[in-house]
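Q: When you get a sec, could you give me coordinates for this:
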Amino acid sequence: MAKTGRQIIMERLYAAIRKATTADLQRAAMFLEWAFDVRKGCARQRTAARQAQSEAWKKKVDAPVRW
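A: This is a model prediction of the structure:
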């Protein structure tokens with residue numbers, strides 16, 4: 001059976017881990033944590049942009065007159 005892209009990447013990572021020093025592994029782990037935070041931030045930013053766009057029409061509409 002053909003391997004998925006994720007399986008191929010994991011095999012490459014395992015091979016690199018066997019050759020890496022502790023410092024290399026620490027830097028790689030820190031980079032992966034940083035990349036995860038960046039993706040989360042991007043998702044939050046997209047969510048906020050969608051929310052702002054869905055409510056943008058309210059800026060162009062006059063408020064109703066109340067007595």
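
Q: List the neighbours of stretch 8-25 that are in contact with it.
A: 3, 28 (C-beta atoms under 8 Å, 6 or more residues apart in numbering). The C-beta positions use only the backbone N, C-alpha and C, and glycine is treated the same way.

Q: quick one, helices of this protein?
A: Secondary structure of the chain by DSSP state H: the helices cover 5-19, 22-54.

Q: And those: which comes nearest residue 61?
A: helix 22-54 (13.8 Å; C-beta to C-beta).

Q: how many other residues sit next to residue 28?
A: 14 (other C-beta atoms under 10 Å).

Q: Which residue comes closest to it once chain neighbours are left out?
A: residue 20 (7.4 Å; C-beta to C-beta, 6 or more residues apart in numbering).

Q: Can you report how many residues neighbour the one you found?
A: There are 14 residues near residue 20, going by other C-beta under 10 Å.

Q: Show me where the protein dips below the pLDDT cut-off.
A: 67 (pLDDT under 70).

Q: 90 instead?
A: 1, 38-39, 41-45, 53-67 (pLDDT under 90).

Q: any idea which residue sits dead centre in it?
A: For the chain, residue 39 is the residue whose C-alpha lies nearest the centre (C-alpha atoms, centre = their mean; 1.5 Å).

Q: mind listing what that residue touches?
A: Residue 39 touches nothing, counting by C-beta under 8 Å, 6+ apart.

Q: on that earlier part again, tabulate the helices of the chain in CSV, adding columns for distance to residue 60.
A: What follows is those, written out as CSV (distance: least, C-beta to C-beta, whole Å):
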stretch, distance to residue 60
helix 5-19, 46
helix 22-54, 13
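
Q: which stretch among the ones you listed comes nearest residue 66?
A: Per C-beta to C-beta, nearest to residue 66 of those: helix 22-54, 24.7 Å.

Q: got the angle for that closest one vs helix 5-19?
A: Helix 22-54 and helix 5-19 are oriented at 150 degrees to each other (axes from the mean of the first three to the mean of the last three C-alpha atoms, to 10 degrees).

Q: And helix 22-54, how far out from the chain middle?
A: With C-alpha atoms, centre = their mean, to the nearest Å as the basis, helix 22-54 stands 4 Å off its chain's centre.
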